[in-house]
Structures are given as structure tokens and as C-alpha cells.
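S.K.: With the sequence up front, the predicted model follows.
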Amino acid sequence: MTATLLIRLAGPLQAWGTGSRFLHRDTDPERPTKSGVIGLLAAADGHNRNQHDADYPDALSLAVFAQLRFGVRADRPGVLIRDFHTVGGGRFPIRPRDVILDHRRTAGISDIESHEEGPFGVVDVPTWYGAPKGIHPDESGSLQAKAAVGRSPLITTRWYLSDAAFVAAVESNDHALLERLSDRLDCPRRFLWLGRKNCPPAERLNHGVHDGPIESVLERTALLPNATEAEPYVWIETSPNERNSVPVADQPVSFSSRHRVHTQRWERRRHIPLSEPAIRWEFE
């Protein structure tokens, strides 16, 4: 029997990129993408962008998630905002926790001047700049740079949807799969974000598994408490030959950082008449 898992996507900021590059990070101005929602579900299940993860060997493959039929309803479309974000400048501090967790670093910083600020002091290397991920301790504990860390600050443009709220839905004939994903949303194996790492969800994501296809379930689902649209738009995945369907290039094939691949799928935007809601939200 066909069933649908409902996911509440609400937060101060959301970012669902469709063609982002380092200096320019966009977001779809209308709604979350299938790639973004599938990525959220995959992270909840333990997926780490690679097909084989030693931390969670039982994590489902991306191919399983990609087969889910996708839909989303824009109860509160939000406002498109732009952020000028500076990256790549400033000193890299040696944090107290780095020394506490790795005793080898104590010797590595013994000759570096310490400034008494706060209970632990502040220890840093004045000439080191750049991202911390390029700096690691060697076998003796001394901090070493794996690559050149002298960088000039860069200003990037990042777009977000502010104060938006959506109801996303994924459909499958595999009821057990949807129940598994529902449980994972409540107890995720990895951190979950609304498209980008600085966009945490403000509400519980999981809203349960319900019998029926996406269209039927969304018709029976009440508007979100902060909805601004009495008749919101919905985007529902369709077959290529369905009338008024349009192509969208957000079908995920690979989430690998070095080789991200998306293919084309088809969807239709329309209004769904909302019936007397049988599926309600907590704390309405």
C-alpha cells in the first residue's frame, strides 16, 4: 500500500541550492529541492556522502532514497534575503580543548606566547591564517600546516529563505522504509540542517507516516500554524508525459564532495484543495 512520510521544514533560515558555487551560494526562491530533502533523510540515516560508510555500515544507499517520490507544500513561502559572508581571514586559535584532548600538543605550543584572557588564556600563532582544517599536529604534537595557509579574505554571496515553513512529503510502497526514516528523523545519526549547515530546524521534523499518495495526504493535512497562504502552492513529482509537467535537475545521483551528480526529473506545480484536515500539527 502506498504511504507518505510528512516532514515539517521550518526555521529562521533555509537554503536549498540549485546551482551553488563557492563564491555564490544560491537557494531556490520558492521551495525546498528534492536533492536537499533526500540529503536530510540520508544524513538522518547515517549517510556521509560516500556510498560506503564505516561508521554506519547499515546506512541505506543513496539509490534507495532517490526512488522516493517527492512533493512539497509552501504554507509560508518566506522572504528571500542575501548575506555577504567573509571567509578565509583571521588567526587560527589553539583552543584549550585541543590541548586537553591531545596531550601531544602541549609540547608543541610551549614556546608560543600565551595571553591571559579568561580562565584558560588564549594561545595562538600570529603568522598563521586560514582554515583550521589545513592545520594538524604531527607525531610529536607540534602543529603543522599541510598546505599553504596564508589566505586573503574572500567575500561570498549567500542567499537564504527567511522565516519560511514548508510541508515536504516522500511517498513509497515500502511502508517499512518510511517508518525507518520516520524514526531516524526523531533520532538522527548525523546533524540535520535545512539545506545548509547554518540553518538548523526550529520545529520537530517528523510528522509521521500516513496511508495514501502525496496528493491525498497533503489534502488531508492542516496548514501549519504560522501559514500565510490560505491556498498554498504544491510541487509534486510526476511522470515525464503528464500534462503541465516541467523538468527539474535535482534528482540526486551522488553527494560526493568531489563528484556531485544530479539528473533530471519532472514535477508539476498547482494548488491542492484542502479538505477538512484529518492530520493536524502539535500545539496548534
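M.R.: Now that the structure is in, tell me what you want to look at. Numbers count the residues shown, from 1 in each chain.
S.K.: Extract the residue ranges of this structure that are flagged as low pLDDT.
M.R.: 20, 51-52, 88-152, 283-284 (pLDDT under 70).
S.K.: 50 instead?
M.R.: For the chain, the stretches with pLDDT under 50 are 111-114, 119-121, 123, 125-131, 149.
S.K.: who's in contact with Asn50?
M.R.: Asn50 makes contacts with Ser256, as judged by C-beta atoms under 8 Å, 6 or more residues apart in numbering. Quick note: C-beta positions are derived from backbone N, CA and C, even for glycine.
S.K.: distance of it from Tyr56?
M.R.: 11 Å (C-beta to C-beta, to the nearest Å).
S.K.: where do the strands sit along the chain?
M.R.: In the chain, the strands defined using DSSP state E lie at 3-14, 24-25, 69-76, 79-87, 91-94, 114-115, 122-129, 135-137, 143-145, 154-172, 206-211, 233-238, 246-254, 261-271.
S.K.: any chance of those strands in TSV, plus mean neighbour count and distance to Ala43?
M.R.: Shown next, in TSV, are the strands of the chain (neighbours: other C-beta atoms under 10 Å; distance: least, C-beta to C-beta, whole Å):
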stretch	mean neighbour count	distance to Ala43
strand 3-14	23	13
strand 24-25	16	19
strand 69-76	24	16
strand 79-87	12	23
strand 91-94	16	28
strand 114-115	11	39
strand 122-129	14	31
strand 135-137	14	25
strand 143-145	14	30
strand 154-172	21	14
strand 206-211	17	14
strand 233-238	21	21
strand 246-254	16	12
strand 261-271	14	17
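S.K.: Looking at those strands, spot the one closest to Arg189.
M.R.: Checking those against Arg189 by C-beta to C-beta gives strand 206-211 as the closest, at 14.3 Å.
S.K.: Tell me what angle the closest one forms with strand 154-172.
M.R.: Relative orientation of strand 206-211 versus strand 154-172 (axes from the mean of the first three to the mean of the last three C-alpha atoms, to 10 degrees): 30 degrees.
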